[in-house]
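J.: next input, structure requested:
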Amino acid sequence: MTDKPCADQTPEQLEAYYRAATEGDLACVRIDHGGHLPSSEYTFERIMGGRRGRVYLAASGSFYAGSGKNCFHPKGQRRLVVPTLAILAWGEGDRHRVRTTQGQEMDDVRAVLEGRLAKLPPPAAPPPPPVYSVEEAEARYAAACVAYENADIRANNPRAYQRRVSQAREYMLAARADLERARERAKIQD
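T.: Residues are numbered from 1 along each chain as shown. So this is what the prediction gives:
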């Protein structure tokens, strides 16, 4: 399947759709692979805003509403296309060919394309941080400190070493923040 489901779209259709689009409307980004792979990928996203002939997407960046080209990489491999049911059907069952970003549901995308929803709903809020007791938080922080000390073992790959140390540091800082929150809650409860 090398033929693209958006091949029949004209520049006039693209411009008309994205110039009229507002925040919350559905956008579709086609990602080509420069001829290295036999097919393209499509990502459905929520439009975050737009002005001066531009469309802003949270995950893929800024695009020109008239041409569909990426504002910062106009000769790149990402282009806006008009979202259609044909694109959705083209990648049916293969999450690598058609997907969503920002925690959006494919059912919501289908509902917008079928006209059952006017706009794509905003993504769900992230879950609140877990609530630990002081003892649990202290144990977690101690384990994070040990993991950080053990991450300082050099390997043959410098990038892997840097990534391991960075991840251990982030884990230790998160554990310290959890410990401080647990202690504050304990003070409030006393």
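J.: may I see the buried residues of the biggest strand by length in the chain?
T.: Ranked by residue count and defined by DSSP state E, the top strand of the chain is strand 41-51. In terms of neighbour count (16 or more other C-beta atoms under 10 Å), strand 41-51 has its buried residues at E41, Y42, T43, F44, E45, R46, I47, M48, G50. Backbone N, C-alpha and C define where each C-beta goes, glycine included.
J.: for the residues you listed, which one is nearest A16?
T.: Here the nearest of the buried residues of strand 41-51 to A16, counting by C-beta to C-beta, is G50; it sits at 14.0 Å.
J.: how about the nearest residue to the closest one, chain neighbours excluded?
T.: If you skip the residues right next to it in sequence, G50 has Y56 as its closest partner in space, 5.8 Å away by C-beta to C-beta, 6 or more residues apart in numbering.
J.: who's in contact with the one you found?
T.: Contact criterion C-beta atoms under 8 Å, 6 or more residues apart in numbering gives I47, M48, G49, G50, S62 as the residues in contact with Y56.
J.: go ahead and confirm C145 touches Y171.
T.: No - using C-beta atoms under 8 Å, C145 and Y171 do not qualify as a contacting pair, with a distance of 9.7 Å.
J.: who's more crowded, these two?
T.: Y171 (18 against 15; other C-beta atoms under 10 Å).
J.: quick one: buried residues of the longest helix along the chain?
T.: Longest helix in the chain, counting residues (DSSP state H): helix 158-189. When burial is assessed from 16+ other C-beta under 10 Å, helix 158-189 yields the following buried residues: R164, A168, Y171, M172, A175, D178, L179, R181, A182.
J.: the first one against Y148, yeah?
T.: No - counting by C-beta under 8 Å, no contact exists between R164 and Y148, whose distance comes to 9.9 Å.
J.: ok so, going back, how far off centre is the longest helix of the chain?
T.: 24 Å (C-alpha atoms, centre = their mean, to the nearest Å).
J.: what's the answer for stretch 68-75, then?
T.: Between the mean C-alpha position of stretch 68-75 and that of its chain there is a distance of 19 Å (C-alpha atoms, centre = their mean).
J.: neighbouring contacts of it?
T.: In this structure, residues lying in contact with stretch 68-75 by C-beta under 8 Å, 6+ apart are 11, 14, 18, 54, 60-64, 67, 76, 78-81.
J.: let me see the contact set for the closest residue to Y171 other than its chain neighbours.
T.: Taking C-beta to C-beta, 6+ apart, and ignoring the residues beside it in sequence, Y171 has A144 as its nearest neighbour in space, at 5.0 Å. Applying C-beta under 8 Å, 6+ apart to A144 gives the contacts A168, Y171, M172, A174, A175, R176.
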